[in-house]
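Student: Okay, sequence plus prediction incoming.
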Amino acid sequence: MEKVKLFNQSRSLLEPEMLPFYEAVELNGGGAMMFQGELTTDFFIIKSGKLEVVEGSGGKAVSLAILGPGDVFGEMSFFDGEGRSATVRSSGKSVLYRLTREHLADMARTQPQLAMEYLIILGKLVSDKLRRIDKMIAGVTGDQKIKKDPDLKRLVFNIKRAMKCRKDIF
């Protein structure tokens, strides 16, 4: 029996043996894949196109990120079943891979080792996002320089701008 390293850093969520568990979803420009507060649990990987992640609505909306091929979203609700924390919408034609909880259960039944590896890779992605949020919070509070990361710098700028528009700054 071949030993498999569970924490193999070279694996991704798009390994050929994982692809049969996804379903492809196409979005046209301006189409939303999910809405903030929505109670859905699907997880997505972007195959092609660009999507914007927005928190809030109207004049209080803050653009949190622009996502492209290989980026993921929906993992929080996938795990905890709570409402979506942001709206994700396509800025043009996009193709996504969708994984439902049922798909993951099928993977666990038919290929348990693969499912375990999948969850570890997904856990690492979640951990990476949490580390980025830590840096972002430090940038908003002025405790850390963010000049080296243009995406993070733009996000902190957008958050600070949104905070200036509010009278109840925390």
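Tutor: Noted; the coordinates are in hand. Numbering: from 1, shown residues only.
Student: so where's the longest helix in the chain?
Tutor: The helix that spans the most residues within the chain, counting by DSSP state H, is helix 112-140.
Student: Buried residues, that helix. List them.
Tutor: For helix 112-140, the buried set under the neighbour-count rule, 16 or more other CB atoms under 10 Å, comprises 114-115, 117-118, 121-122, 125, 135-136, 139-140. Yep, even glycine has a C-beta here, placed from its N, CA and C like the rest.
Student: Turn the residues you listed into CSV, columns for pLDDT and distance to P20.
Tutor: Putting the buried residues of helix 112-140 into CSV (pLDDT from 0 to 100; distance: CB to CB, whole Å) gives the following:
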residue, pLDDT, distance to P20
L114, 93, 10
A115, 94, 13
E117, 92, 15
Y118, 93, 12
I121, 91, 17
L122, 91, 17
L125, 88, 21
K135, 77, 36
M136, 72, 36
G139, 70, 41
V140, 67, 42
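Student: can you list those in JSON lines and add distance to G92?
Tutor: As requested, the buried residues of helix 112-140 are exported to JSON lines (distance: CB to CB, whole Å):
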{"residue": "L114", "distance to G92": "33"}
{"residue": "A115", "distance to G92": "33"}
{"residue": "E117", "distance to G92": "32"}
{"residue": "Y118", "distance to G92": "29"}
{"residue": "I121", "distance to G92": "28"}
{"residue": "L122", "distance to G92": "27"}
{"residue": "L125", "distance to G92": "24"}
{"residue": "K135", "distance to G92": "29"}
{"residue": "M136", "distance to G92": "26"}
{"residue": "G139", "distance to G92": "29"}
{"residue": "V140", "distance to G92": "30"}
